[in-house]
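Asks: Requesting a structural model of the entry that follows:
(chains A and B)
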Amino acid sequence: MIVRNITLLGHKDHGKSTLIGNLLMLTNSVTQIRIKEAQKYSKRLHKDFEPAFILDSFHEEREHGLTMDITRAEIAYKDVAFSFIDVPGHEELIKNMISGASYASTALLLVSAQKDEGIRDQTKRHLFIAKMIGINHLVVAVNKMDSVGFGEGSVEDIKNRISGFIGKMGFQGKNVVFVPVSAYKGDNLVKKSKNMKWYRGKPLLDLIYEKSGHSGAKNDGALRIVLQGFLDGRRNLVTGRIVRGHIKIKEKGTCIVPLDVNVSVKGIIVKGRRVKGAKVGENVALELEEEIADEVRGSIMCGELYCPIPKDLIKARVFLTRPIGKSLSIRFNGVEISCKSIKPIGYIDPTTGETSKTGRMAGLSVIDAEVKLSKRIPAERFEDTPELGRFVLYSGKEFAGIGTVL
Amino acid sequence: MIQQNLKELEERSIYIIREANMKFKNVAALWSMGKDSTTMLALARKAFLGKVPFPVIHIDNRIDFPETYSFREYLTKKWKLNLIVAYSEVKPDSIGSACCGRNKPETLKKIMKEHGFDALIVSIRRDEHGIRSKERYMSPRNQKFKWDYKNQPAELWDDYASKLDPGSHVRVHPLLDWNEIDVWSYIKQEKIPVNPLYFSRNGFRYRSLGCTHCTVPVKSNAKNVADIVKELETTRIEERSGRSMDKENEYVMQRLRSLGYM
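Replies: Residues are numbered from 1 along each chain as shown, chains lettered A, B, ... in the order given. This is a model prediction of the structure:
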């Protein structure tokens, strides 16, 4: 079964854990032991049965009612399994949120239908990050419909309020869909609700199934192999992962960038077996005619004709999670490269998607910037080859943000 | 139980094992002779042209099953493993029963220090227990082996923890995404040798293997790997139900983990 990662966004009071807890129960994806455990905890904390407790695994999370770190739940549906990644809402845990979201293809945004609970800046920021790191499909579940009398008006109200900025953040209208639900009562989660006959769309799980079906891996196009290192210390045997295109044995015109050496591949080994060719997603060991003098980690293998030109000055969108100091570095393509300067050329408000010429470089801010590096890297536009168009920023030893190449 | 795509799982695990071996100077793996750590070794052999390139550590409390010891000897020879046996004492625990839960971490600490390992491959799976869902593919432990799960480094886009303080090490989890049924399906597909205790004798089999003190068999008629896969397709009982440690206290795992064990 193919697993599709879905990142879950929304403010903590809007019922994310309740939703996943209930989905686990409704799809029989959880054992009776877990359900009984959750019942026990609900009772101990003097609450009605809380489906969220099926999910939250740490003692502190239960007692304090919040999700500290990434939590996952697997739900089998039709021929696939969804792995829901629930990410922490607290700002100080934003690196955990980014970590979780980076493995997803689709986002599920949960918004409360209750008027006073609307969508908050924090959630807007999460949505911005999700789009920035390559999540293009969005399902918006309008939750707590039971508490607003299941009325159509509440959904229209939310749609009107948030459609504008969802668009500004870069989501295309055709990639966004709305569904009214009650996470607690189960309406429109797996089956269509009888309480909302006015709703003509599909229930939540069907929508997620549809939206998450669009995959991004490119088997066609120019070859890109991210190199990990020498196998067994042999200078003519390298390992790596194909992130784009495919390779054939004895193919002419292959080179390693930015080492600037031409190589010819005389053998390809995939999972211990000799093969004639390998494709995107596969881990390979490559036997070369040549011995490579320099370290290959941090380099890529590609075709001579269609290879990225290595640069030490890149233009990137950077999300800063904390104020940055003087000692900056990026992690790109498996290696660390020190960063000489970051010069902002535009400031973006992550709660609206608007760009302005002036602003601050503080924690939780987004900038478009010129990033000057200590050496050349084989970077490409994030849109073209995500694996070679993204980096993690460190200030000293601390995680300070992420960047995507423009 | 959800069965995932074995090809995808296999690729990811091979990538992680290779990353660990190329990124860190001195890598070792824990091998309990159970199905998970044996599967991990099979994956390492695939990643490194048929040979496991790092030493494997068995924390031996001398009360493992005889079948486990003979399986250890058999596979060490067959796969030419570089086996390190670290002996651990069995002492009474807080509730009075003889237990190794508290002593194994100390033994591990000692052996890691002696050899100067900076990365330890551990074959845990996310589906084993709720708490394990917090783990990352690479998860640092400090000098005291503590796991600061609330303040883990970011791990995104296959870029794993790398900034290490002196004396600390990284736990590497190549099997994190695998479910129990995936492991058995892979064992079936690849014909990986397993400890015979997993197969049913007189209506009982071991589903999860610990030492003789903390493991009890579960009811089962599964006599071979194929039977086990079939059994898991329908079961609603959790894997570690045959381990007494978990029943006593659901936070034991969390405490063990924060101590740095497993």
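Asks: residues from the stretch 101-250 of chain A in reach of chain B?
Replies: A:101, A:102, A:103, A:133, A:228, A:229, A:231, A:232, A:239, A:241 (CB under 8 Å from any CB of the partner chain). All C-beta atoms are positioned from the backbone trio N, CA, C, and that covers glycine.
Asks: And for the second one, the neighbour number?
Replies: Spelled out, that is residue A:102. 24 (other CB atoms under 10 Å in any protein chain shown).
Asks: Thought residue A:404 was touching it, still the case?
Replies: No: contact status for residue A:102 versus residue A:404: not in contact, 11.2 Å apart, counting by CB atoms under 8 Å.
Asks: what do the two both touch?
Replies: Counting by CB atoms under 8 Å, 6 or more residues apart in numbering or on different chains, the contacts common to residue A:102 and residue A:404 are residue A:133.
Asks: Give the bridge partners for whatever residue of the stretch 151-262 of chain B ends up closest to chain A, please.
Replies: Scanning the stretch 151-262 of chain B for proximity to chain A using CB to the nearest CB identifies residue B:156 as nearest, at 3.5 Å. Here residue B:156 sits in beta bridges with residue B:159, going by DSSP bridges.
Asks: What's the local residue count around residue B:226?
Replies: The burial count for residue B:226: 12, using other CB under 10 Å.
Asks: quick one: it is in a helix?
Replies: Yes: the assignment for residue B:226 is a helix, going by DSSP: H, G, I helix; E, B strand; the rest coil.
Asks: how deep is the residue in the stretch 301-406 of chain A that chain B sits nearest to tucked in, by neighbour count?
Replies: In the stretch 301-406 of chain A, the residue that lies nearest chain B is residue A:399 (4.5 Å; CB to the nearest CB). Residue neighbour count, defined by other CB under 10 Å, stands at 22 for residue A:399.
Asks: nearest residue to it other than its sequence neighbours?
Replies: Nearest residue to residue A:399, sequence neighbours excluded (CB to CB, 6 or more residues apart in numbering or on different chains): residue B:154, at 4.5 Å.
Asks: pLDDT weak spots in chain A?
Replies: A:46, A:55-71, A:87-93, A:118, A:215-219 (pLDDT under 70).
Asks: Could you break it into its assigned domains?
Replies: The record's domain split for chain A, according to automatic domain parsing, is A:2-211, A:224-303, A:311-405.
Asks: which parts of stretch A:24-40 are buried?
Replies: A:24, A:25, A:26, A:27, A:29, A:30, A:31, A:34, A:35, A:37, A:38 (16 or more other CB atoms under 10 Å in any protein chain shown).
Asks: Kindly state the beta-bridge partners for the closest residue in space to the fourth one that isn't next to it in sequence.
Replies: Right, residue A:27. Nearest residue to residue A:27, sequence neighbours excluded (CB to CB, 6+ apart): residue A:75, at 5.2 Å. As for beta bridges, residue A:75 partners with residue A:82 under DSSP bridges.
Asks: Test my guess that residue A:75 contacts residue A:54.
Replies: No: contact criterion CB under 8 Å: residue A:75 and residue A:54 do not qualify, at 11.6 Å.
Asks: overlap in contacts of these two?
Replies: residue A:24.
Asks: And the two? Which one has more around it.
Replies: A direct count of neighbours by other CB under 10 Å for residue A:75 and residue A:54 places residue A:54 higher, at 27 against 22.
Asks: residues contacting residue A:111?
Replies: A:10, A:14, A:118, A:119, A:123, A:140, A:141, A:142, A:143, A:158, A:162.
Asks: Take those and lay them out in CSV including secondary structure.
Replies: Converted to CSV, the contacts of residue A:111 look like this (three-state DSSP):
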residue, secondary structure
A:10, coil
A:14, helix
A:118, coil
A:119, coil
A:123, helix
A:140, strand
A:141, strand
A:142, strand
A:143, strand
A:158, helix
A:162, helix
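Asks: correct me, but residue A:188 touches residue A:204?
Replies: Yes: using CB under 8 Å, residue A:188 is in contact with residue A:204, at 5.9 Å.
Asks: Those two: which has the busier surroundings?
Replies: More crowded of residue A:188 and residue A:204, by other CB under 10 Å: residue A:188, with 27 against 23.
Asks: count of neighbours near residue B:61?
Replies: 22.
Asks: Give me the distance between it and chain A.
Replies: Separation of residue B:61 from chain A (CB to the nearest CB, to the nearest Å): 28 Å.
Asks: ranges for the helices of chain A?
Replies: Applying DSSP state H to chain A gives helices spanning A:16-26, A:32-44, A:59-64, A:94-101, A:121-132, A:152-168, A:204-211.
Asks: which one is the residue of the stretch 201-350 of chain A found nearest chain B nearest to, not counting chain neighbours?
Replies: Proximity of the stretch 201-350 of chain A to chain B (CB to the nearest CB) peaks at residue A:229, 3.7 Å away. Nearest residue to residue A:229, sequence neighbours excluded (CB to CB, 6+ apart): residue B:22, at 3.7 Å.
Asks: now do residue B:56
Replies: In this structure, residue B:56 finds its nearest non-sequential neighbour in residue B:31, 4.0 Å apart by CB to CB, 6+ apart.
Asks: check contacts around that neighbour.
Replies: B:37, B:38, B:41, B:56, B:57, B:58, B:81, B:83.
Asks: Check those and tell me the two furthest apart.
Replies: B:38 and B:57 (13.9 Å; CB to CB).
Asks: Let me see the contact set for residue 228.
Replies: By default, I'm working from chain A. Residue A:228 sits in contact with A:238, A:239, A:240, A:241, A:297, A:334, B:18, B:19, B:22, where contact means CB under 8 Å, 6+ apart.
Asks: that answer is for a different chain, and I need it for chain B
Replies: B:184, B:198, B:199, B:205, B:222.
Asks: want to throw those into CSV with distance to chain A?
Replies: Shown next, in CSV, are these (distance: CB to the nearest CB, whole Å):
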residue, distance to chain A
B:184, 15
B:198, 20
B:199, 23
B:205, 19
B:222, 19
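Asks: Show me just the buried residues among the residues you listed.
Replies: Applying 16+ other CB under 10 Å to the contacts of residue B:228 flags B:184, B:198, B:199, B:205, B:222 as buried.
Asks: Make TSV out of the residues you listed and add pLDDT.
Replies: Putting the buried ones among the contacts of residue B:228 into TSV (pLDDT from 0 to 100) gives the following:
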residue	pLDDT
B:184	94
B:198	92
B:199	91
B:205	88
B:222	90
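Asks: Any chance of a markdown table for these, columns secondary structure?
Replies: Converted to a markdown table, the buried ones among the contacts of residue B:228 look like this (three-state DSSP):
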| residue | secondary structure |
| --- | --- |
| B:184 | helix |
| B:198 | helix |
| B:199 | coil |
| B:205 | strand |
| B:222 | coil |
